[in-house]
Structure formats: structure tokens, C-alpha cells
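In: Have a look; sequence and predicted model below, questions after that.
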Amino acid sequence: MPNTLDPECLLCREKIITNEAIFNCGSIRPDDTKRKEIEQLEISCLYGSLPPPGAPTQYASEELHGFISSKKQGCLFEAVGCKFQGLKLEIQGHQSISTLQHMDLLLEKIIPSKEVSPLRSCYARNLVSREKGKFENQLPRSLSHLGKMGRTIHLPEEHCKAMEALESKISKVEVKVADVEEKMAQVCEKVEDCSVKMKAFVQDSEPQNHRSCNLVDSKVRACPRFCSGAYPDFSGPVEIAHNGIYIWKIPNFSIRKQEALNGTRECLESNAFYTSQYGYKMVIQLYLNGDQLVRGNYISMHIRLLKGDFDALVQWPLKAKVDLLILNQKQQEHSILRRFVPDLTAPWGRRPMGNANVPAGISRFVSLEEFQGRCQEFVCDDVLFVKVEAELDQM
């Protein structure tokens with residue numbers, strides 16, 4: 001029969017129940033001699049400090065019993081996924097060095113994972129990293145409070161508000177990033193569409209541009225009078241006719257003729273000359289393939305009045321008749337002669353206000369067929385001569 005006066009454990013106060021005979025003597029008395037020997041020993045505890053020597057042997061509590069217990073415990077953040085287990089000191093060390101890991105577990109619990117674009121994830125990671133830094137110094141101070149609250153984790157109110165603000169910011173950033181991505185997709189689509197249209201436009205417009213250039217070139221060539229009037233160049237030497245007669249020498253005639261046929265130089269222009277020492281200043285224009293009215297059929301010849309030094313001393317408009325000749329170098333009496341009678345109402349014969357007046361003359365001076373038939377009479381040693389004779393009595 002068990003003894004009613006069973007001994008108790010000095011640490012946990014639990015009854016020691018046994019059928020051994022040694023414990024059935026009614027009560028157990030501690031050995032005072034052994035106790036004194038034990039109290040005099042110096043013992044260093046691995047799990048904390050023990051009662052000082054001489055303290056009551058009954059010094060024990062539930063806290064000390066749990067502190068030195070060999071049973072492993074789980075981390076306070078086990079509820080959010082931390083799998084660490086260890087003794088109480090190990091748990092404290094783990095919590096002090098794993099703040100960021102525990103923060104990650106909390107964020108994963110609060111913000112459900114979902115598939116996001118790389119750009120949106122980058123924004124979220126940067127924002128979370130900044131908020132982690134804010135909480136890093138605050139969480140260790142709160143661990144003691146969390147320990148008292150048991151395994152169920154309740155964040156302080158200020159942390160909850162911060163996490164809600166963080167979640168709100170992340171949501172706003174995700175919305176903005178999605179909007180930017182949508183706009184970028186639209187821009188890329190428009191750029192690609194414009195590129196396709198540009199390529200098609202270039203392919204379609206290239207032949208049209210070529211035709212337009214040819215048309216403009218033909219129009220420019222078709223109005224040599226206008227071009228000559230718009231851009232006059234009379235910087236060459238100025239000569240003086242003798243007794244109203246001026247002879248113009250044209251060398252390299254074959255080259256000049258070919259230039260006229262090709263359209264590279266349709267109009268030849270003489271040096272500027274005065275009809276007399278104090279007379280009118282003018283130039284002669286020769287179209288070896290004809291001007292725009294008779295191109296390809298006739299040779300044309302025109303007179304153009306220039307602004308001279310003695311314009312204030314001569315009569316205006318010009319009334320003098322001017323004889324134009326292509327000289328026959330073998331028999332001058334058989335030269336081709338045409339007389340130009342000025343139109344007194346036309347603007348070409350008035351006093352020049354600018355550098356030069358609009359030219360005027362004879363478009364059908366001589367047919368190309370006739371000139372080619374007698375070319376050997378007019379061109380010798382590849383040189384052609386043109387003669388101008390003005391009636392001085394009418395000046």
C-alpha cells in the first residue's frame with residue numbers, strides 16, 4: 001500500500017509515488033551532511049543562474065522549470081510560416097537575427113501572391129524594401145510584447161496602419177504601372193503602323209517624285225526668259241560698239257550646239273556692250289535650238305537692255321531699229337539678216353529700273369534646216385560670228 005506521506009520533488013512539487021520498500025517508511029528525511037557538501041560546491045549553469053549558496057533548496061518555480069527544460073519550442077512567427085524550433089535561448093537568438101525573414105513572412109501573409117509583370121514586381125520590391133527599413137528598428141522592441149501574447153500574433157496598431165498604407169501604395173503603383181504599360185503598348189503599335197505607312201509612302205512616292213522633278217526641270221527650261229530676268233549676271237567685261245556696230249565671236253560652236261540640244265545650256269549670252277561711247281547698254285541672247293516658242297525648229301535671237309551709266313543722257317523708250325546678222329564667213333553679202341523694230345508700248349524698251357529689262361527679239365530668226373544646210377558658210381574653224389548694227393541717228 002502506498003504511503004500517504006509520499007515525498008515531493010523539491011523542484012516541481014510533484015508526489016513521488018512508488019512501491020519500493022525504501023519509500024514506504026512514512027517519510028523521507030534529507031541527508032544534512034550531503035546537503036552541506038553540495039551547497040559548498042561552485043556550479044556554473046549553462047541555462048542561466050541558479051539560486052545563490054545558502055538559499056532555500058525549495059527555490060523553484062514554473063518559470064525556472066520551463067527555462068531549463070530540454071523540450072524544444074517553435075518560433076513566435078510559426079503562425080506565419082517560420083519552421084525554426086529550439087530551446088528558449090536559441091529562440092531568442094533566432095528572433096534577433098531573423099527580423100527581415102520574419103518581415104517577409106508577414107508581408108506574404110498580408111499581401112497574397114499573384115502573377116504580376118516584371119515591371120510591376122520591381123516597383124513592389126523597391127517599395128517593400130523601403131518599408132522594411134522603417135520597421136527594422138521597431139520590430140525588436142515589440143518582440144517582448146509578442147512573446148507575452150502567445151503563439152497568436154497581433155501586430156501593434158501603428159504597424160497595422162503602416163502595412164495597410166503599404167498595401168494601398170502597392171495597389172496604386174500597380175494601377176499606374178498597368179496604365180503606363182497599356183499606353184506604351186499603344187505607342188508601340190502606332191509607331192509600327194507609322195513605319196509601315198512611311199515605307200509604303202516612300203515606295204509609292206519615289207517614281208512620282210522623279211516625274212515631278214522632271215516636270216519642274218522641263219518647266220524651268222521652258223521659260224529661259226523668266227530665269228534670265230530673275231537672276232541676271234552681267235559681271236563680265238563691257239565693250240563699246242564702233243559706229244553702232246558690235247560683232248560677237250562664239251568659239252567652240254560644236255560644243256555650244258550640243259549643249260543647246262541637250263538642254264544643259266539653251267541660251268548663249270554675249271558680253272555687255274554700249275551701242276556708242278555714251279549710248280545704250282545691252283546684251284545679245286542666242287538660242288541655237290530655239291526659245292520656248294520654237295524649240296527644235298528655229299534659231300532664236302533676242303536683245304536685252306541693261307542699266308547703263310549714261311541712261312540719263314539717252315532717249316526713252318528705245319526707238320532705234322537694230323539689225324541682227326549671222327555672218328557668212330565666205331561671202332558676207334549672203335549673211336542672214338533680220339531687222340528688229342522695237343514696240344514703243346512694250347516694257348522691254350523702257351529705261352531699266354533694275355539691273356535689266358525683259359528681253360525681246362526674233363524667235364524665228366532662221367530655221368534649223370536652213371542653217372544646217374549652209375553651216376559650212378557660217379561656221380569656220382568651229383567659230384560663229386553674230387553682228388549687231390544699231391541706227392545711231394534714232395538714238
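Out: Right, received. Where do you want to start? Numbering: from 1, shown residues only.

In: I'd like to know how many residues surround residue 157.
Out: By the criterion of other Cβ atoms under 10 Å, residue 157 has 8 neighbours. The way it works is simple: take the backbone N, C-alpha and C, and place the C-beta from them, glycine included.

In: Tell me the spacing between it and residue 163.
Out: Applying Cβ to Cβ, to the nearest Å, the value for residue 157 to residue 163 is 11 Å.

In: pLDDT weak spots in the stretch 1-150 of the chain?
Out: The model of the stretch 1-150 of the chain has pLDDT under 70 over residues 1-31, 34-35, 39, 41-71, 110-150.

In: looking at it, residue 337 is touching residue 324, isn't it?
Out: Yes: under the criterion of Cβ atoms under 8 Å, residue 337 is in contact with residue 324, at a separation of 7.3 Å.

In: Show me which of the two is the more surrounded one.
Out: A side-by-side neighbour count of residue 337 and residue 324, using other Cβ under 10 Å, places residue 324 first with 21 against 14.

In: Give the bridge partners for the more buried one, please.
Out: As for beta bridges, residue 324 partners with residue 338, residue 388 under DSSP bridges.

In: got the contact list for it?
Out: Residues near residue 324 by Cβ atoms under 8 Å, 6 or more residues apart in numbering: 284, 301, 303, 337-340, 361-362, 365, 386-388.

In: can you do 7 Å?
Out: Listed by Cβ atoms under 7 Å, 6 or more residues apart in numbering, the contact set of residue 324 reads 301, 338, 340, 362, 388.

In: quick one: residue 268 from residue 327, how far?
Out: Distance of residue 268 to residue 327, given as Cβ to Cβ: 15 Å.

In: circling back: farthest-apart pair in the contacts of residue 324, please.
Out: Maximum pairwise distance in these, criterion Cβ to Cβ, is 12.4 Å, between 362 and 388.

In: quick one, which of the two is more surrounded?
Out: Neighbours per residue, other Cβ under 10 Å: of residue 362 and residue 388, the larger number sits with residue 388, 23 against 17.

In: is it true that that one touches residue 322?
Out: Yes: with contacts counted by Cβ atoms under 7 Å, residue 388 reaches residue 322, the gap being 6.5 Å.

In: what's residue 330 sitting at in phi/psi?
Out: Its backbone dihedrals place residue 330 at phi -100, psi -40, with angles given as degrees, to the nearest 10.

In: Quick check: closest non-adjacent residue to it.
Out: Leaving out its chain neighbours, the residue that sits closest to residue 330 by Cβ to Cβ, 6 or more residues apart in numbering is residue 377, at 5.3 Å.

In: now swap in residue 291 and tell me
Out: In space, and not counting its chain neighbours, residue 291 is closest to residue 300: 4.2 Å by Cβ to Cβ, 6+ apart.

In: Just the C-alphas of whatever helix or strand residue 259 lives in, formatted as PDB.
Out: The secondary structure element spanning residue 259 is helix 253-262 (assigned by DSSP states H and E). Extracted C-alpha coordinates of helix 253-262, given in PDB (Å, rounded to 0.1, in the frame of the first residue of the first chain):
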ATOM      1  CA  PHE A 253      30.400  76.200-131.700                       C
ATOM      2  CA  SER A 254      30.000  72.400-131.900                       C
ATOM      3  CA  ILE A 255      30.100  72.100-128.100                       C
ATOM      4  CA  ARG A 256      27.700  75.000-127.700                       C
ATOM      5  CA  LYS A 257      25.300  73.400-130.200                       C
ATOM      6  CA  GLN A 258      25.400  70.100-128.400                       C
ATOM      7  CA  GLU A 259      24.700  71.900-125.000                       C
ATOM      8  CA  ALA A 260      21.700  73.500-126.600                       C
ATOM      9  CA  LEU A 261      20.400  70.200-127.900                       C
ATOM     10  CA  ASN A 262      20.900  68.500-124.500                       C
END
